[in-house]
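Visitor: I need the structure of the sequence given here:
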Amino acid sequence: MRFMQVDEAVELMKLEYAEAPGLVLTMAEARQLWNLSEELCDRALRVLVSSSFLVRRPDGSFIRPEADSLAATHTGKPGTSTER
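Guide: Just a heads-up that it's a prediction; the model follows:
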């Protein structure tokens, strides 16, 4: 059995978020979607947040910054998108 490396998980996540720009996932949802361990998922999401590819919202979910800004424009509140 081959284990996924952090850089591979990061690329997998980038591809999915690029294909679905309004995608909003919690850590648990991301782990389930990509079948990742908690540690690997956490490390990959931290890389994506630190590189500004994703933002972590106050509720703990992860979204592309452009999508979060768009949600704020429509609702007047950042981080209130209802897309999943």
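Visitor: Then Leu45 would be within a helix, right?
Guide: Yes: assigned with DSSP: H, G, I helix; E, B strand; the rest coil, Leu45 falls within a helix.
Visitor: Excluding residues flanking it in the chain, which one is nearest it?
Guide: Phe62 (5.9 Å; CB to CB, 6 or more residues apart in numbering). (Glycine included, C-beta is placed from N, CA and C.)
Visitor: Thought Val55 was touching the one you found, still the case?
Guide: Yes: here Phe62 reaches Val55: they are 7.2 Å apart, a contact under CB atoms under 8 Å.
Visitor: Could you look up the SS state of the residue nearest to Met4 when sequence neighbours are not counted?
Guide: Using CB to CB, 6+ apart and skipping the chain neighbours, the partner closest in space to Met4 is Leu40 (6.5 Å). Following three-state DSSP, we place Leu40 in the helix state.
Visitor: Please tell me how far Leu40 sits from Phe53.
Guide: Plainly put, Leu40 is 17 Å away from Phe53 if you go by CB to CB, to the nearest Å.
Visitor: Could I get the full set of helices for the protein?
Guide: Using DSSP state H, the helices found in the chain span residues 6-19, 27-34, 38-50, 65-75.
Visitor: and the longest one, what does it pack onto?
Guide: So the one you mean is helix 6-19. Using 3 or more CB pairs under 8 Å, 6 or more residues apart in numbering; DSSP states H and E as the contact test, the elements touching helix 6-19 are helix 27-34, helix 38-50.
Visitor: Indicate which one of these is closest to Val10.
Guide: helix 38-50 (4.9 Å; CB to CB).
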